[in-house]
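S.K.: Predicted coordinates and the sequence they were generated for:
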Amino acid sequence: MSSFTHLDAAGNPSMVDVGNKNVTRRTAVAQAIVVLGDEIMDKLENKDIQTKKGPVFQTAILAGIMGAKRTSELIPLCHPLALEKVGVDITVNEAREVVITCTARLSGKTGVEMEALTGASVAALTIYDMCKAFSHDIVIKSTRLLEKTGGKSDYQSA
């Protein structure tokens with residue numbers, strides 16, 4: 001149990017002390033995939049879906065950025081971070097799936113992968129929320145880390 005950084009010596013949950021870590025440039029990229037189905041995807045015009053609530057993808061981009069900024073309020077042991085950049089990109093792939101890519105960046109003592117994953121997740125949930133009036137047959141297929149750089153070790157998804 002001693003190698004699990006989110007537990008103290010007594011085995012209780014604990015926020016990791018990053019006070020002695022060096023400040024490095026850190027970046028994380030996460031991706032979520034949403035399957036909307038043909039009924040909803042047939043409403044795609046000019047790279048977005050219009051609803052009574054507004055443009056789905058543009059709203060999801062804003063929601064993803066807001067979600068990334070609030071990660072430490074949602075995930076109990078995450079440090080509050082002064083993000084320098086959060087970007088959310090939404091595209092449609094060849095299989096007509098909605099692909100959300102969230103990039104988070106900062107210069108700091110701890111990583112930003114949770115912020116990137118939260119941003120992608122909140123954007124996916126926003127797409128679900130805005131499209132559920134058309135159909136509830138919506139699947140948030142996956143959410144995963146694609147890469148992270150900076151800190152002790154880098155990661156690149158296969």
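M.R.: Received it, and whenever you're ready, just let me know what you need.
S.K.: And residue 57, how far from residue 131?
M.R.: 11 Å (CB to CB, to the nearest Å). In short, each C-beta sits where N, CA and C put it, glycine included.
S.K.: what touches both of those two?
M.R.: Listed as contacting both residue 57 and residue 131 by CB atoms under 8 Å, 6 or more residues apart in numbering are residue 49.
S.K.: okay, these two: which has more neighbours?
M.R.: Taking other CB atoms under 10 Å, residue 57 and residue 131 do not tie; residue 131 has more neighbours (25 against 21).
S.K.: give the contact list for that one.
M.R.: Counted by CB under 8 Å, 6+ apart, residue 131 has contacts 36, 40, 49, 51, 56, 138.
S.K.: right, and the fourth one touches residue 127 too?
M.R.: Pointing back at residue 51 there. No: using CB atoms under 8 Å as the test, residue 51 is too far from residue 127 to be in contact (10.4 Å).
S.K.: and of the contacts of residue 131, the nearest to residue 103?
M.R.: Proximity of those to residue 103, judged by CB to CB, is greatest for residue 56, which lies at 20.4 Å.
S.K.: Can you tell me how far the closest one is from residue 145?
M.R.: Distance from residue 56 to residue 145, counting by CB to CB: 24 Å.
S.K.: For those two, indicate the residue with more neighbours.
M.R.: residue 56 (25 against 18).
S.K.: all helices of this structure, in order?
M.R.: Using DSSP state H, the helices of the chain run over 38-41, 56-69, 71-74, 113-131.
S.K.: Out of those helices, which gets nearest to residue 19?
M.R.: Checking the helices of the chain against residue 19 by CB to CB gives helix 71-74 as the closest, at 16.5 Å.
S.K.: Show me what the closest one is packed up against.
M.R.: Counting contacts by 3 or more CB pairs under 8 Å, 6 or more residues apart in numbering; DSSP states H and E, helix 71-74 packs against helix 113-131.
S.K.: Quote the end-to-end distance of stretch 148-158.
M.R.: In stretch 148-158, first residue to last residue: 13 Å (CA to CA, to the nearest Å).
S.K.: Put the alpha carbons of stretch 71-88 into PDB.
M.R.: As requested, the backbone C-alpha atoms of stretch 71-88 are provided in PDB (Å, rounded to 0.1, in the frame of the first residue of the first chain):
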ATOM      1  CA  THR A  71     -11.800  19.400 -11.900                       C
ATOM      2  CA  SER A  72     -10.500  19.900  -8.300                       C
ATOM      3  CA  GLU A  73     -14.100  20.600  -7.100                       C
ATOM      4  CA  LEU A  74     -15.300  17.300  -8.700                       C
ATOM      5  CA  ILE A  75     -12.500  14.800  -8.000                       C
ATOM      6  CA  PRO A  76     -11.700  14.700  -4.300                       C
ATOM      7  CA  LEU A  77      -7.900  14.400  -4.200                       C
ATOM      8  CA  CYS A  78      -7.000  16.600  -7.300                       C
ATOM      9  CA  HIS A  79      -5.000  19.700  -6.700                       C
ATOM     10  CA  PRO A  80      -6.600  23.000  -7.800                       C
ATOM     11  CA  LEU A  81      -4.500  24.100 -10.800                       C
ATOM     12  CA  ALA A  82      -3.900  27.400 -12.500                       C
ATOM     13  CA  LEU A  83      -4.500  26.100 -16.000                       C
ATOM     14  CA  GLU A  84      -2.800  28.100 -18.700                       C
ATOM     15  CA  LYS A  85      -4.700  26.600 -21.700                       C
ATOM     16  CA  VAL A  86      -7.700  24.300 -22.200                       C
ATOM     17  CA  GLY A  87      -8.800  23.500 -25.700                       C
ATOM     18  CA  VAL A  88     -11.700  21.400 -26.800                       C
END
